[in-house]
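Participant: Need coordinates for the below:
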Amino acid sequence: MADGSLQESVEARLCDLRPGVRLVARCRCGREAEVNPSPWLAEGLAATCLSDLETRLRCLCGARRVPLERRSSAPAPTAFGIWMFR
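Facilitator: Below you'll find the model as predicted:
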């Protein structure tokens, strides 16, 4: 920044998920699906930002990027139509 201060953007990473917190993909078309992160963790992607993993999701509507959200209190979505790619 111009005043010399450092602005740091802290983005959630896959390894930041705590027990009981669900990872949910929510497409612009309204479809939602819970995402099991264990295949990504097995690939060694624990330090990857969630926004970087969004391109590994595909929706039935044709979206090639689906935003990820962390949810702790809401029940798991039951909708289908979002697939995870490695």
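
Participant: Please give me every residue in contact with the residue nearest to the spatial centre of the chain.
Facilitator: With distances taken as CA atoms, centre = their mean, Leu68 lies nearest the centre of the chain, 2.9 Å away. Listed by CB atoms under 8 Å, 6 or more residues apart in numbering, the contact set of Leu68 reads Leu23, Val24, Ala25, Val35, Leu50, Ser51, Leu53, Glu54, Leu57. All C-beta spots, glycine's among them, are computed from the backbone N, C-alpha and C.

Participant: From Arg28, how far out is the fourth one?
Facilitator: Read that as Val35. 16 Å (CB to CB, to the nearest Å).

Participant: quick one on the thing from earlier: between the contacts of Leu68, which sits nearest Ala12?
Facilitator: If you rank these by distance to Ala12 using CB to CB, Leu50 comes first, at 4.9 Å.

Participant: correct me, but the closest one touches Ala12?
Facilitator: Yes - contact criterion CB atoms under 8 Å: Leu50 and Ala12 qualify, at 4.9 Å.

Participant: intersection of neighbour lists for these two?
Facilitator: Taking CB under 8 Å, 6+ apart as the contact rule, Leu50 and Ala12 both touch Arg70.
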